[in-house]
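Peer 1: Next comes the sequence, and after it the predicted model I'd like to discuss.
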Amino acid sequence: MELHVTLNKSFGTFSLDMAFTVQGERIGVFGPSGCGKSTLVSLLAGLQQPDSGSISLDGEVLYDSHGGINAPPEQRRIGIVFQRPYLFPHMSVKANLLYGFKRCAAANRTVDFDSLVEVLQIGHLLSRSVHNLSGGEKQRVGIGRTVLSNPRLLLLDEPLSALDDNLKFQIIDYLKAASAAFRIPYIFISHSLLEMRIMTDRVLAVSAGRIAAQATAEELARSQMGRSPIGYINLLRLDKPRRINGVSAYAWGGTELVISTVGDRPEALFELSSKDIILLKQHPDAISARNLLECIVADTFHSGNKVGVELACGDGKLVAEVVPEAARELGIARGSRLFAAIKASAFRRLE
Amino acid sequence: MPIFTSAEYMAILLSLKVSVVATLVSLPFGFAAAYLMTFRQFRGKVALDVAVNLPLTLPPVVIGYILLLLLGQKGFIGQHLLQPLGITLIFTWKAAVIATAVVGFPLMVRSIRLGMESVDERLIQAARTLGAGWLDTIVTVIIPLSFRGIVAGAALMFARGLGEFGATIVVAGNIPGVTQTIPLAIYEYTSSPDGDRMALALCLVSVLLSVVVLLLHEYLNRRIAKAD
């Protein structure tokens, strides 16, 4: 997918002024509430008209103020998954799913009904009224309805922000599965850096109606670390836990991580903040933290008033943060040897 | 209850006919006006709003007189549009339909508009991005979701039509068997020395019809709510 955008739109005192080109299948638009993310979605989908500018998707001009081109939303083939599912309340689940499919030209139908139902696991919901669905089921049907309309681009407009953590990661899996199975590129809009890391490869950072930066999700997470109250979030997918005295031990990077969360799943995603990793120059005689990992400094970076330290712990990688003074005292440089102490309770299971 | 003569039966039938036709004729216009005022932004929206609601505040007699001036032989529409086509409206049942439609129009538009305003804009946006054009969206999303408002608007217009008097008497006259509706017949009976019983009987018919309309409206409302 290749998207060229130059847009201007003013509302009272707020003005959106963006120019960017992005290529890729998993693009993110990241920024705080009110920065213009949802306006961008409306403008791309044709639900609002820009004051001026142009939009072209894969070489096709969808809007051009100079050329007098403004394709209506139904001709753009840009699907939206909204924050809430917005299912048609007067239709059954099946009728909702088929709404866009029936309106899609036969030549453009690459997603078929049965495959989608299987990917999203919604076969048992088809005959139900949309009023008899749980929040997660509604969102799955909403995703299915949009994907079945066979769009060439999906706009995922904060589709996870109204969901609790448990549901959020279920829906993430469905979104990724649907996008991958039917090869539909997407633009994922969110104010959550964690979601950006999981869902996207390339991110447009938006601030006050402008594109502030274009980077990978990883680069963005590192640049935001110093300003963020939660630091940099290390994401660890761990499996096959071993139970020892009420805690779980997971194989990781050639060693074991001891985590106090005891779950019943064989595989789980954990987050660990860079703030929860204590660095030591030497091995202590004894320490209360249940994880003491010998690491090599793979890289360092500056973010705000913090120094990020990328640690290679065997085959695993972690990012810790320290203040510059601590970095000097520890003699942190690429290749230096450190010990990382992490409490078993510092890990939080995400799914 | 006295036995009605054919004139009274004609008045009852004419009242029903005028109200039904006025409601059916007004529905597309009422829907269009409500749609424009709910979903579209355009210059002159305030003017349209005022024009639609004006009959609500004007005395019906004034509306009737304005219609008479417009549709009469020397009126702008009458002279330039109706006469060349050989159409005569004044003092016919069709004039009563127009008077009823104009007087009831704001009530119909208000109800439909309330129904439309309850439709979440995101549902409309979802339909558009799923490939539905605006007409398709109106038919498949807006009409079904604002159907209660449309039914309520039609019922209000119909009920208002049954009671319409002021504009009708000016523009259609009070000709028994031709333009005399129930209210006009009641008016005539109350003006004659022996007409009290007949006036009362027609009042009862009027009450009965209104109750039937309201009950029907309530029944439809419940059925729609159940279907939702």
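Peer 2: Now that the structure is in, tell me what you want to look at. What you see is a predicted model, and the numbers here were worked out from it, not measured in a lab.
Peer 1: for chain A, what's the longest helix?
Peer 2: helix A:165-182 (DSSP state H).
Peer 1: Could you export the helix or strand that comes right after that helix as CSV, CA atoms only?
Peer 2: Toward the C-terminus, helix A:165-182 is succeeded by strand A:186-190 as the next helix or strand (DSSP states H and E). Output of strand A:186-190 as CSV, limited to C-alpha atoms (Å, rounded to 0.1, in the frame of the first residue of the first chain):
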residue,chain,number,x,y,z
TYR,A,186,-4.2,-1.2,7.5
ILE,A,187,-3.7,2.1,9.2
PHE,A,188,-4.0,1.7,12.9
ILE,A,189,-5.0,4.8,14.9
SER,A,190,-4.3,4.9,18.6
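Peer 1: does residue A:101 sit in a helix, a strand or a coil?
Peer 2: helix (DSSP: H, G, I helix; E, B strand; the rest coil).
Peer 1: Around it, count how many other residues there are.
Peer 2: 20 (other C-beta atoms under 10 Å in any protein chain shown). Just so you know, the C-beta spots here come from the backbone N, C-alpha and C atoms, and that holds for glycine as well.
Peer 1: correct me, but it touches residue A:110?
Peer 2: No: in this structure, residue A:101 is not within contact of residue A:110 by C-beta atoms under 8 Å, at 11.2 Å.
Peer 1: list residues touching both of the two?
Peer 2: residue A:150 (C-beta atoms under 8 Å, 6 or more residues apart in numbering or on different chains).
Peer 1: Run through the residues that contact residue A:144.
Peer 2: A:97, A:116, A:117, A:120, A:122, A:178.
Peer 1: before we move on, what about residue A:33?
Peer 2: residue A:191.
Peer 1: close enough to count as contact, residue A:155 and residue A:45?
Peer 2: Yes: Residue A:155 lies in contact with residue A:45 (C-beta under 8 Å); the separation is 6.1 Å.
Peer 1: Now do the longest strand along chain A, average pLDDT.
Peer 2: Ranked by residue count under DSSP state E, the longest strand found in chain A is strand A:291-303. The pLDDT scores in strand A:291-303 average 96.
Peer 1: What pairs with that strand, parallel or antiparallel?
Peer 2: The strands beside strand A:291-303 in its sheet (DSSP bridges) come out as strand A:306-313 (antiparallel), strand A:337-342 (antiparallel).
Peer 1: Any stretches of chain B with poor pLDDT?
Peer 2: B:1-3, B:227-228 (pLDDT under 70).
Peer 1: Spell out which residues of it are next to chain A.
Peer 2: Applying C-beta under 8 Å from any C-beta of the partner chain, we find that chain B lies next to chain A at B:120, B:122-123, B:125-134, B:136, B:140-141, B:144-145, B:227-228.
Peer 1: I'd guessed residue A:42 sits against residue A:49; true?
Peer 2: No: look at residue A:42 against residue A:49 with C-beta under 8 Å: they stay out of range, at 9.4 Å.
Peer 1: Which one's more surrounded, these two?
Peer 2: More crowded of residue A:42 and residue A:49, by other C-beta under 10 Å: residue A:42, with 19 against 12.
Peer 1: show me what contacts the more buried one?
Peer 2: A:48, B:125.
Peer 1: likewise residue B:127?
Peer 2: Counted by C-beta under 8 Å, 6+ apart, residue B:127 has contacts A:88, A:99, B:136, B:137, B:140, B:141.
Peer 1: Now flag whichever of these is closest to residue A:20.
Peer 2: residue B:137 (30.6 Å; C-beta to C-beta).
Peer 1: Quick check: closest non-adjacent residue to that closest one.
Peer 2: residue B:127 (4.5 Å; C-beta to C-beta, 6 or more residues apart in numbering or on different chains).
Peer 1: What backbone torsions are found at that neighbour?
Peer 2: phi -60, psi -40 (degrees, to the nearest 10).
Peer 1: can you tell me how far it sits from residue A:135?
Peer 2: Look at residue B:127 and residue A:135: by C-beta to C-beta, to the nearest Å, they are 22 Å apart.
Peer 1: in stretch A:81-97, what counts as buried?
Peer 2: By 16 or more other C-beta atoms under 10 Å in any protein chain shown, the buried positions in stretch A:81-97 come out as A:81-88, A:90-97.
Peer 1: in which helix or strand would I find residue A:85?
Peer 2: Per DSSP H and E: nothing holds residue A:85, as it lies in no helix or strand.
Peer 1: contacting residues for it?
Peer 2: A:138, A:139, A:141, A:142.
Peer 1: Could you provide these in a markdown table, with additional columns for distance to residue B:85 and secondary structure?
Peer 2: Putting those into a markdown table (distance: C-beta to C-beta, whole Å; DSSP: H, G, I helix; E, B strand; the rest coil) gives the following:
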| residue | distance to residue B:85 | secondary structure |
| --- | --- | --- |
| A:138 | 56 | helix |
| A:139 | 58 | helix |
| A:141 | 54 | helix |
| A:142 | 53 | helix |
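Peer 1: biggest separation within those, which pair?
Peer 2: A:139 and A:141 (7.4 Å).
Peer 1: Pick out whichever of those two has more residues nearby.
Peer 2: residue A:139 (28 against 23).
Peer 1: Which of the buried residues of stretch A:81-97 fall in strands?
Peer 2: residue A:81.
Peer 1: Return the closest of the buried residues of stretch A:81-97 with respect to residue B:18.
Peer 2: residue A:90 (33.2 Å).
Peer 1: Spatially nearest residue to the closest one (excluding sequence neighbours)?
Peer 2: Per C-beta to C-beta, 6+ apart, closest to residue A:90 is residue B:144, 4.6 Å.
Peer 1: Backbone torsions only: list them for that neighbour.
Peer 2: phi -60, psi -40.
Peer 1: what about it, how many neighbours?
Peer 2: So residue B:144, with other C-beta under 10 Å, has 17 neighbours.
Peer 1: Likewise for residue A:19?
Peer 2: 13.
Peer 1: What score does it have for pLDDT?
Peer 2: The model's pLDDT for residue A:19 equals 96.
Peer 1: cool, the one 10 residues further on as well?
Peer 2: Residue A:29 is assigned a pLDDT of 97 by the prediction.
Peer 1: And whichever strand or helix holds it, how far out from the chain middle?
Peer 2: Counting by DSSP H and E, the element that carries residue A:29 is strand A:26-30. Mean C-alpha position of strand A:26-30 versus that of the full chain (C-alpha atoms, centre = their mean, to the nearest Å) differs by 8 Å.
Peer 1: relative to strand A:186-190, how tilted is it?
Peer 2: Between the axis of strand A:26-30 and that of strand A:186-190 there is an angle of 20 degrees, by axes from the mean of the first three to the mean of the last three C-alpha atoms, to 10 degrees.
Peer 1: Could you check how many residues crowd around the nearest residue to residue A:276 once chain neighbours are set aside?
Peer 2: Leaving aside its sequence neighbours, residue A:276 sits nearest to residue A:346 (C-beta to C-beta, 6+ apart; 3.8 Å). Using other C-beta under 10 Å, residue A:346 has 20 neighbouring residues.
Peer 1: got a list of what residue A:346 touches?
Peer 2: Contacts of residue A:346 by C-beta under 8 Å, 6+ apart are A:272, A:273, A:276, A:277.
Peer 1: What about those residues, which are in strands?
Peer 2: Per DSSP E, the subset of the contacts of residue A:346 in strands is A:272, A:273.
Peer 1: Format the contacts of residue A:346 as a markdown table; extra columns: pLDDT.
Peer 2: Listed next are those as a markdown table, based on pLDDT from 0 to 100:
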| residue | pLDDT |
| --- | --- |
| A:272 | 96 |
| A:273 | 96 |
| A:276 | 97 |
| A:277 | 97 |
